[in-house]
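Colleague: Here is my input; please provide its structure:
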Amino acid sequence: MKNFINISDIPAKDLRKILKDAKTRKNNRKNFITLKPDKSSPLKNKLLIQMYEKESLRTRLSFLIAIKQLGGEVMNIRANELHLGKGGERLSDTAKILSTYCDGFMLRTDCDSKIFEFSKNLTIPFINLLSPSSHPCQVLSDVFTIEEIKKKKISKLKISWIGDTNNVLNSLISAALKFKFNLNIGCPKKYRPSKMFTKKIRKENKIFFFESPKKAILDADVIFSDKFISLNDKVNKLKKTRDFKSYKINSKLIKYAKRNAIFLHCLPRGDEVSDDVFLGKQSHVWQQAMNRVHVQKSILLYCFGKLR
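Modeller: Numbers count the residues shown, from 1 in each chain. Below you'll find the predicted structure:
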């Protein structure tokens, strides 16, 4: 039994095994949009519970399809339907009950401490669907998409992130450290990652910060962006919008990247990217979203000790 909480927790060789398995499973499955189980049905008779404290579209649907294609059963529950540390029941007790009633648990939360508490008390596989500091399933799937499109290891490519520091960027930094790829981060200085991350970054000579979005995107193979103002972001939204005005990905800015550069975005989008880029030939956001299913199937098998 294993957990999948942060990319930084997983050995690089295991991350590679997950990506390799995902590639094989995608190639072997001709019909993607279907709930018909894989022939081997490796999760047959397994019940997995997904719990959401935050809104979700792609994560919820992609994991539901992934579990069904692996032959398992899935139950979606809302956090407000359980005590979840409230109403007199301790979170540790909730974890013990979940460990009794189901075979795997997945949580999308607005509180990092809940991830820690569940990981400490669950005795079944546990997957972080998203937390304030991490979005590991999204980013590992993005590595898969990049290598699929570029047909080379990500360590041979230059990746650029243009925008605010958030859970996706935190996981992307962890991925850069694991997969040893070049990562340029373009954002105003006061919006850079926390000291917890910058301490790690100082030891790595492949991660760089730029206040100039043009310099951050220069000669990039891959360009990432995300909403400047995240859901439930408790900031002066008008001021933050002004601070990031020059960081919007548009047809003028993207010209500083390589001519064959690709654009990725985890969605949902806001004003951080223009329609001509988001819907243009360099954008691969729909392929990026679809690949979540394949990679998450392999993440599930990793957690259950069933990787081929």
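
Colleague: For the helix or strand harbouring residue 238, what is the distance to the chain centroid?
Modeller: Assigned by DSSP states H and E, residue 238 belongs to helix 237-243. Centroid displacement of helix 237-243 relative to its chain, using Cα atoms, centre = their mean, to the nearest Å, is 25 Å.

Colleague: Check which helices and strands that helix is in contact with.
Modeller: Packing contacts for helix 237-243, counted by 3 or more Cβ pairs under 8 Å, 6 or more residues apart in numbering; DSSP states H and E, involve no helix or strand. Where C-beta positions appear, they are placed from N, C-alpha and C, glycine not excepted.

Colleague: contact partners of it?
Modeller: Under the criterion Cβ atoms under 8 Å, 6 or more residues apart in numbering, residues 164, 188, 190-191, 228-229, 233, 271 lie in contact with helix 237-243.

Colleague: and these as CSV, adding secondary structure, distance to residue 281 and neighbour count?
Modeller: Below are these laid out as CSV (DSSP: H, G, I helix; E, B strand; the rest coil; distance: Cβ to Cβ, whole Å; neighbours: other Cβ atoms under 10 Å):
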residue, secondary structure, distance to residue 281, neighbour count
164, coil, 26, 24
188, coil, 30, 14
190, helix, 35, 8
191, helix, 30, 19
228, coil, 24, 24
229, coil, 28, 18
233, coil, 31, 12
271, coil, 22, 12
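
Colleague: follow-up on the earlier one: what's the first helix or strand after the helix holding residue 238?
Modeller: Following helix 237-243 toward the C-terminus (DSSP H and E): strand 262-265.

Colleague: Where does the prediction get shaky in the protein?
Modeller: Scanning the chain for pLDDT under 70 picks out the ranges 32-33, 83-88, 196-197, 199-200, 202-203, 231-232.

Colleague: give me that answer again for 50
Modeller: Within the chain, no stretch falls below the threshold (pLDDT under 50).

Colleague: residues contacting residue 190?
Modeller: residue 243.

Colleague: Quickly note the distance from it to residue 41.
Modeller: 51 Å (Cβ to Cβ, to the nearest Å).
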